[in-house]
Structures are given as structure tokens and as C-alpha cells.
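> What shape does this take:
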Amino acid sequence: MQMWSRKFFLFLFGIVVLAIATRFYQLGSVPHGLTWDEAAIGYNGYAILTTRRDEWIVRLPVSFRSFGDYKAPLAIYLNGPFTYLFGLTPFAVRLSFAIAGVFAVLGWILLQHELRVFKRFSVELSLVAGSMLALNPWHIHYSRIAFESGLSLAFAVWGWLLLARALRAKRLVWWLVNGFGSAVLLSASIYTYHSAKIVVPIMSIVVFLFAIKSSKKSVLRILLIGLVSLLLLIPLLRDSLFGPGATRAGVLLFNQNYSLSTLLQMLVGNFFAQLSPAFLLLGKNIATLRDGGVVWGFLHPTTYVLCVIALPLSVWLKEQGRATMFAVLLVVVGSAPAILATEAPHSNRGLFAVLGFILLAVVGGVLLIKLVTKQGQMLQKSLLGLLVLLHVFFFISYEQAYFSKFAKESAVAFQDGYIEAFSIAREFELGQSNKPKVDKILFSSEYGQPYIYALFVRKTNPIWYQGGSLNTYEFSDRISVGDLNRVNTLVVATPSQGLPADRADHIVMGSNGDPRFEIYVTK
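Sure thing, here's the model as predicted:
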């Protein structure tokens, strides 16, 4: 198949449509609810666009203080136009991340062909790898939630693509366009998510080595691209080294004051945890359902099995060494942010590794089919058909589990019910929709960070917030029956706080069928 032929475009169009369908279907309602971080990204993006200040009224920050975790800035800045145009809703907050997920699939196809990781059937195998990324549970999940890793990955893939094109460009104008574009996108990836600070610089050097043979011209080009990137990253570097951005370095093992033997033991343990079948194949041992897994693994069984056999087959048959090496480097470097941190396995920090696993699976499939070709064309076609059918079956099973079982079981982790509860509280605050206006709203803080949902639902100006706009609200994790004796107060409690549910004026039910909030109006 020829690149840019009609047949290529048809396959490419089909893969992109598939990526859109898997990432946009019920985007605003699955996963149910909105995590604290998603709400913070959505609200701060809206606040920055409308007031140029974040929730702490810091003007155009490089790191967002948020809950004290100092989020990388670019995802928040990019989120602003979407929440401004479509409102502060889960769909609007997640929209930019879903779009980035689709573009990551497209860029992944073009990058592999540009680097010629496969000497034969480069176009066809690039399309296969692209379709596998489009159907991959790991990437689908992080394209459907407002977590910065998916957006960062998309920037990096396109940055590496333009880097490879810049290194091979024969005309000055194309070298300048691709080179500057690469510097901007790779810097954008680092500005989007902290893990990219480790992955992007290392893999950019790998892409350079794979894109072109060493020469004075190519070395000069990448040095210039690196210099432009460094200039673009100066504000982030200053913030990371001397400002609040350095806070995120506290999650690294190197900053835990471990002895050398303990540190090495932790690194080895994290390595095997991050690459274990329990994590990759079954989705086990993760800290929270926000990171996916549990009801389904991060790699389809077909992908995992092909990954396992790829390396020994490559060594045995002495083929596909280039693709295998690139895939292994992607897996190791992409997993490094999770391995070097205190919590492993970690799907969010290790998302970049999904590209390596998929590429390794393609290598395994190519070598396995070649191995059985010696036994006859019939066996080859049968094996190929079986692999495709199994992969489709696993994908359909995953989709069914994701939109049913996982959606229900993860509802608590995604703070389902918060937005509905605060929407009701807002009506009582203003006396709207035939609701009596209350003097005070006592809201439970048992689930954590309720204030960000208040800001999100109310679309509160951050300057007004810091000036006392939420004075009507009182957040407490110690709500009791005695609070029902307050005068003209709306009490929003959780079931575990022991208030009589039969006296509640309204109960907010979670998507899993369990009550999330009990709302009482005092006299």
C-alpha cells in the first residue's frame, strides 16, 4: 500500500472514526461524575479565560496551586475556551482531552511511518498499530477523563513526528516550519504533565537517532530545536527549580531519604509492579478507580501475549530489531515516571508506555505470522483471522464492561453526585425554582474538596470567591442530627453521618444506585 493513496486514506478515515466513537460516546456521563482534579482543571481554565486569574487570584500562573499539588499549566489554559463556549459541564471539561486522544492516534500512525520502524509493509503496519491504539483500554480511558497525561502524550507524538520531518527536510522552509513546530509541541507536552519532563527529552533523543544517521547537519538541527525548546521552557524551569513547581518532585523516590539499598529495592519492586501481568492484563493493584483498571486490564489479552513473545522471537529470528528496540525504549522510558515515584503501579504516570506496548505487540504479530508461514498459507491466514477476531472480541467485552460495570463501580471515585447536590444547593441559595431562600448552607466535606464543586457549579469569579462569595456555605465533616435544629439552613449530609433519611427533603442518588447526599431544609 502506498502512503497517501486512496486505499490508505480509507483505512485512515476508518481508524479515526473508530477513535472518535470510542472517545466521544457518552463522554459527559461515563465515567459518572467528575473528580476533584477534573473540576479544578475545568474551573481554573474558565477562571483564567474570564478573569486572567486562578482560584487563588494568582495572575496567569506557571503552576496552579489548586489543592497544593501545583498542576502543570497548559491543560488548564487550553480547557478555558471549551468551558467558556459549552459551559462548566463534565462534557466541556473532558472535550479537549477527547480531541487530543483522537489526534494522538492519527499522529502515532504517521510517526511510525516517518521513522520507518518497519522496513517492509511500513504503511500497513503503521495502520495496524494505529488501530490498536484506537482500541486500547489504557488510552481510551485517559482520552475520556480530564487528566493531563493523555493531552501530554498527544503533544509529544506530534512533536516527535515534526522532529523526524525536520531532521529529514531538504528545503530550508520545511526544516524551519517542522523544526519550530516540533520545539513548540514538545515544550507543550512538558507544560502539560509532569511525567513528560522525564519522557519527552529522552525519547526526543531516541527519535533523533532513529530518524537520521549522525552528521554535522543533523546534529546542528537538533541542537537548534533543543535551544528553541529550552527558551520556551524557561518559565517552567524557573518555576520547577525555584518556585512552587518543585513541590511535585516530592513524589520521587530519590527525595524520600531512603538508604541506597532501600532505594534500589524500591526501584526494582516498582519496575516489576509496573510491568506485571496483574497490572497490565488484569488492571489490579492500582490505588484508585480514577486510574481505570480493576474490571479490565490496560492491555487487551491479545496485545499482552504478542508483547511477551515479541522479544524472544525477534532474537531467535534475528528480525525486526529496529522496531523491537524502539518499542522497548518506549516501554522503559514511558514507564520511568511511575517506576521512579513512590506509588507503583501507576497507570496515569506510565501512560506513555502504551505506545511501546502496542508497537511491541505489532512486532510480535508480524514475527508469529512469519513463523507459521512456513507451515502454509492456510495456517497463516487462519492465525491472522483468529488474532483479529480475538482482539475485536476483547475490545467489545471491554467496552461493555467500561460503560456498565466500571461506570457504576467507579462512580464513587469520580465523586458522582457532587454536581447535582450543589446544583440543588444553588437553587436554595438564590431562592430559584420555587425553592425557599436559605440563610446558610451546611455542606458535608466527608468526600473531600467540596468547595471546588461549589465554585464549578456557581461559576464563581475567583476574586469574589477570595473576597467571601462562599460565606453562605459552611463545609464540615461533622454534621449531626443537632444541625437540623438550625434556623433556615440547608443541610447537605452524607448517609454515613447518621441523619434520618426519612426526613430528608431530597436524596441525591449515585449512578451505582446508592444514596450519595441527603438534603434537609430546616425551618
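
> going forward, measure contacts between C-alpha atoms and count neighbours the same way
Fine.

> Check the gap between I369 and L384 for me.
I369 sits at a distance of 7 Å from L384 (criterion: Cα to Cα, to the nearest Å).

> go on, F97?
As for F97, its distance to L384 is 33 Å (criterion: Cα to Cα).

> These two: which is more packed in?
F97 (27 against 15; other Cα atoms under 10 Å).

> List the residues that contact A166.
Counting by Cα atoms under 8 Å, 6 or more residues apart in numbering, A166 touches W174, W175, L176, V177, N178, G179, R221.

> That one belongs to a helix, doesn't it?
Yes - counting by DSSP: H, G, I helix; E, B strand; the rest coil, A166 falls inside a helix.

> now the helices for the stretch 301-450 of the chain?
Counting by DSSP state H, counting those that start in this stretch, the stretch 301-450 of the chain has helices at residues 301-317, 321-339, 353-373, 377-401, 407-409, 418-430, 450-458.

> JSON lines please, covering the ones you listed and showing mean pLDDT and distance to D239.
Listed next are the helices of the stretch 301-450 of the chain as JSON lines, based on pLDDT from 0 to 100; distance: least, Cα to Cα, whole Å:
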{"stretch": "helix 301-317", "mean pLDDT": "96", "distance to D239": "39"}
{"stretch": "helix 321-339", "mean pLDDT": "97", "distance to D239": "20"}
{"stretch": "helix 353-373", "mean pLDDT": "95", "distance to D239": "27"}
{"stretch": "helix 377-401", "mean pLDDT": "93", "distance to D239": "41"}
{"stretch": "helix 407-409", "mean pLDDT": "94", "distance to D239": "38"}
{"stretch": "helix 418-430", "mean pLDDT": "98", "distance to D239": "33"}
{"stretch": "helix 450-458", "mean pLDDT": "98", "distance to D239": "24"}
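
> Tell me which of these sits nearest to D69.
Comparison of those against D69 by Cα to Cα identifies helix 450-458 as nearest, at 14.3 Å.

> about what we covered before: nearest to G510, of the helices of the stretch 301-450 of the chain?
Per Cα to Cα, nearest to G510 of those: helix 407-409, 8.5 Å.

> That closest one - contacts with which helices or strands?
Counting contacts by 3 or more Cα pairs under 8 Å, 6 or more residues apart in numbering; DSSP states H and E, helix 407-409 packs against no other helix or strand.

> Then V491 would be within a strand, right?
Yes - under three-state DSSP, V491 sits within a strand.

> For the contacts of A166, which entry has the maximal number of neighbours?
Greatest neighbour count in those, by other Cα under 10 Å, goes to G179: 25 neighbours.

> rewinding a little: could you list which of the contacts of A166 belong to helices?
Counting by DSSP state H, these place W174, W175, L176, V177, N178, G179, R221 in helices.

> which one of these is nearest A344?
G179 (35.7 Å).

> Any figure for the gap between the residue lying closest to the closest one once chain neighbours are set aside and L231?
Using Cα to Cα, 6 or more residues apart in numbering and skipping residues adjacent in sequence, the residue nearest G179 is A166, 5.1 Å away. For A166, the distance to L231 (Cα to Cα) stands at 19 Å.

> do V157 as well
On the measure of Cα to Cα, V157 and L231 end up 21 Å apart.

> same question, V457
In terms of Cα to Cα, V457 sits 38 Å off from L231.

> what residue ranges in the protein score low on pLDDT?
Per-residue confidence for the chain (pLDDT under 70) gives these ranges: 213-216.

> in it, which strand has the most residues?
Assignment by DSSP state E gives strand 515-521 as the longest strand of the chain.

> Among the contacts of A166, which one lies nearest to K374?
N178 (43.7 Å).

> The closest one reaches R168, doesn't it?
No - counting by Cα atoms under 8 Å, N178 sits too far from R168 to count as a contact (9.9 Å).

> contact partners of stretch 426-446?
The contact list for stretch 426-446, computed with Cα under 8 Å, 6+ apart, reads 425, 450, 457-458, 472-479, 488-494.

> same thing but at 10 Å, please
420-425, 450-451, 454, 457-458, 470-479, 483, 486-494, 496-497, 517-523 (Cα atoms under 10 Å, 6 or more residues apart in numbering).

> Turn the ones in helices among the contacts of A166 into TSV, columns for distance to Y258.
Shown next, in TSV, are these (distance: Cα to Cα, whole Å):
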residue	distance to Y258
W174	49
W175	47
L176	46
V177	46
N178	44
G179	42
R221	41
